[in-house]
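# sharing a model that was predicted from the sequence below.
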Amino acid sequence: MSLKMILCRMLPWVLAAALCGCAGTPGTVAQGTPSPHTTYLPLVTKPAPEPPWIPQRYAVDYRDAPDLSHLAQAELAIVQPVLSEDEVRGLEQGGTRVVAYLTIGEAEPNDPALSDLRAAGCVLGQNPNWNSFYVDARCPQWQNLILDRARTLRSAGYAGLLLDTVDTAELFPETAEGLVELIRRLSQEVGGYLVQNRGFVVLDETAPYIHAVLYEDLSAGYDFARGLYLYHEQEPARALPYRDRLALLALDYAPADRPALAWRACARARALGFVGYVAGDVNLEAGGQFCDQVTPPQAYRATPQGVFRGDEPVPLYGLNWFGMETPDRAPHGLWVGRAVADFLTQIRELGFTALRLPLSPHVLTPGRPTPQWARMMDYPDDAYDGLLYFLTEAQRAGLYVLLDFHTYDPNLIGGKLPGRPYGDQYTKEDWLQDMRRMAGIALSFPNIIGIDLCNEPHEMTWREWREIALEATAAITDVNPFILVVVEGVGNKSNNGGWSAFWGENLTQAPDNPLFPPPDAGSSETDRYLFERILYLPHAYGPDVYNMPYFDASDFPANMPPIWEVHFGRMAGRFPLGIGEFGGFYKGKDKVWQDAFVDYLLAKDIRIFFYWALNPNSGDTGGILLDDWRTVHEDKMALLRRLMR
């Protein structure tokens, strides 16, 4: 396989098309128990038009005064029934088919028929997200009411109907037969262009009577429980078998300040053969974007001169704050009675701009608890919710975040770090899936700058580490091509230049065998893109962590720059380079080491750093905060401010 094809396969397909011109890029649109209340008529198949009419663009606007100019750019418009006949006619004459919203599985809380439906035993319960009420579609009263409403809408000039809340059949399977019957009657007795929103459990039976299926939340949706717009890949196979009979529409949600989320949702919809649309809010009242007009946001770029977002410099003066990677699954220090937001405000006021956040797989999916001392400070009781809560607070505080995959097992930390990203029952595919998962989380949080692939892979050679780091880079950029991939050094299983390296420090072989070589005048945009994905962040420590033999040399610390130069310093000026961890108690010989190290970083113009750590409970380094988790270690801050200039 050619190098070009390898690179194309690593890139998200949309970027591959733009940068590589790769063959095989997907096209824009793929064409190609009965109730005693009701006696049902025999089902009569009425096939939808063949082949299905597929709009190249569609829009959804549920505002009281929809943006008609926006709707006029679409071939299909879905609206609440608020337009005048003249407005509907004007859109239709301009080539926009207008369909009206109609709920058929739930009744709105202000529905005037609600009391009668309750009296008839047709109401099954309440939807906690919308305060609407689930209705048994087998009830004759409901069927007749919906048919009357549909006739009124059609007589008002609407070309068809958006049939919503068909998912009631999933919550109440006994209603499925009634919903199928209702959709059949709408097709045969009212007619028009019928779009069914989800309702996949009955789609096989309703497909003959509808013209399109809308897959709401295909990739990005609003999580009511968490109050966040999140990326979640729902299974497309529930709709794809109908692509030859129905138009496939995707409706995703992403606010205007989440451009990466919108871009990814549209890219996935297009790749799967859906006509996509992204709404700006879950109420469909903040406008939206046609997927063919969604442009990629500015990506974070790692360069030898620093990190940028587009052309804007991104200063990364960072701290590590650990705890989430431990069995506690929550940031440490909350036990003193300080909330996360309080800590973050102090961190920002000290001049730090970024946090490196150590994690384990236990906080990347729901289902694991957090400790009582964290919950007492309004921290969520679920570890995954806690991560999202922390990221939200960090964004409010104006802090960038680097997600650090610290260990695959929370019990393997500190001196027991596994030294590789997977092992035991946690497989390589598990790790790659967690890379994708973290990349998906970053779509919802523009302040996430990147993902640190593995903390201190000291049990691997550089060759081994580079190989799987490339695989992880492909997994991350496939989901989110706008963030950085952080690669640390290895340990002493590879050439270290004759000087023992700390775990994560050894990049001795990286300049000659990097993940991607520096671009030159003849390099392609693909080459430049890949080079700018990788930020190298080695770790370096002094005698407080481990007393290396060269710390006892007679010329210490003057002997240190040549060692640092071999381990990672040769990369400065040629590759994107910073420091992912350094620190210590800053006393005695360790103070001498840290002073010399900062002198070296300044001399090499390395200004990207993440100091270890905020936490005073770091056993071999202490923290920026003293044991009360409030008082600042002013001598350490004076040292670090030299790097913040």
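It's in.
# burial count for residue 411?
Neighbourhood size, residue 411 [other Cβ atoms under 10 Å]: 9. (C-beta placed from N, C-alpha, C; glycine too.)
# ok, the one 10 residues further on next?
Neighbouring residues of residue 421 were enumerated by other Cβ under 10 Å; the total is 24.
# that one looks like it's in a strand, true?
No - assigned with DSSP: H, G, I helix; E, B strand; the rest coil, residue 421 falls outside any strand and is coil.
# so what's it scoring on pLDDT?
On the pLDDT scale, residue 421 is placed at 98.
# kindly report the same for residue 557.
At residue 557, the model reports a pLDDT of 98.
# and it, what does it touch?
Residue 557 sits next to 592-593, 595-596 when contact means Cβ atoms under 8 Å, 6 or more residues apart in numbering.
# state the phi and psi torsions of the residue nearest to residue 165 when sequence neighbours are not counted.
Leaving out its chain neighbours, the residue that sits closest to residue 165 by Cβ to Cβ, 6 or more residues apart in numbering is residue 105, at 3.5 Å. Phi and psi for residue 105, reported as degrees, to the nearest 10, are phi -120, psi -10.
# burial count for residue 105?
That count, for residue 105 with other Cβ under 10 Å as the rule, works out to 29.
# and the one 4 residues further on, by the same measure?
Close neighbours of residue 109, defined as other Cβ under 10 Å, add up to 12.
# tell me the domain ranges of the protein?
What automatic domain parsing lists as the domains of the chain is 57-293, 300-641.
# out of these, the one nearest residue 51 is which?
Set against residue 51 and scored by Cβ to Cβ, those come closest in domain 57-293, at 7.3 Å.
# you'd agree the residue nearest to residue 165 is up against residue 133?
No - taking Cβ atoms under 8 Å as the definition, residue 105 is not a contact partner of residue 133, at 10.1 Å.
# mind checking pLDDT for the closest residue to residue 212 other than its chain neighbours?
Spatial nearest neighbour of residue 212, excluding adjacent residues (Cβ to Cβ, 6+ apart): residue 247 at 3.8 Å. We have a pLDDT of 98 for residue 247.
# strands of the stretch 1-150 of the chain, residue ranges please.
Listed in chain order, the strands found in the stretch 1-150 of the chain under DSSP state E, counting those that start in this stretch are 58-61, 76-79, 97-103, 106-107, 123-126, 133-135.
# what's the neighbour count on the nearest residue to residue 160 once chain neighbours are set aside?
Leaving aside its sequence neighbours, residue 160 sits nearest to residue 193 (Cβ to Cβ, 6+ apart; 3.1 Å). When neighbours are defined as other Cβ under 10 Å, residue 193 has 21 of them.
# residues in contact with residue 193?
Taking Cβ under 8 Å, 6+ apart, we find residue 193 in contact with 53, 76, 97, 99, 159-161, 211-212.
# if we use 10 Å, what do you get?
Neighbouring residues of residue 193 by Cβ atoms under 10 Å, 6 or more residues apart in numbering: 48-49, 53, 55, 76, 97-99, 158-162, 210-212, 247.
# how close does it get to residue 247?
As for residue 193, its distance to residue 247 is 9 Å (criterion: Cβ to Cβ, to the nearest Å).
# now do the shared contacts for the two.
48, 53, 55, 76, 210-212.
# just the pLDDT at the residue sitting furthest away from the middle of the chain, thanks.
When distances are taken from the C-alpha mean of the chain, residue 554 lies farthest, 51.4 Å away, according to Cα atoms, centre = their mean. If you check residue 554, the pLDDT there is 98.
# check residue 33 too.
With respect to pLDDT, residue 33 has a value of 35.
# also the one 5 residues further on?
Per-residue confidence at residue 38 stands at 39 (pLDDT).
# just the CA coordinates for stretch 300-320, please, in CSV.
Extracted in CSV, the C-alpha atoms of stretch 300-320 (Å, rounded to 0.1, in the frame of the first residue of the first chain):
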residue,chain,number,x,y,z
TYR,A,300,-5.3,23.3,17.6
ARG,A,301,-1.9,23.2,15.9
ALA,A,302,1.3,22.1,17.5
THR,A,303,4.4,23.7,16.0
PRO,A,304,8.1,24.1,17.0
GLN,A,305,7.1,27.7,18.0
GLY,A,306,4.3,26.7,20.3
VAL,A,307,0.6,25.7,20.1
PHE,A,308,-1.9,27.7,18.1
ARG,A,309,-5.6,27.6,17.4
GLY,A,310,-5.7,28.7,13.8
ASP,A,311,-3.2,31.5,13.9
GLU,A,312,-3.8,32.5,17.5
PRO,A,313,-1.2,31.5,20.1
VAL,A,314,-2.4,29.2,22.9
PRO,A,315,-0.2,29.7,26.0
LEU,A,316,0.0,26.4,27.9
TYR,A,317,1.3,27.2,31.4
GLY,A,318,-0.2,24.1,33.1
LEU,A,319,-0.6,22.2,36.3
ASN,A,320,-1.4,18.6,36.9
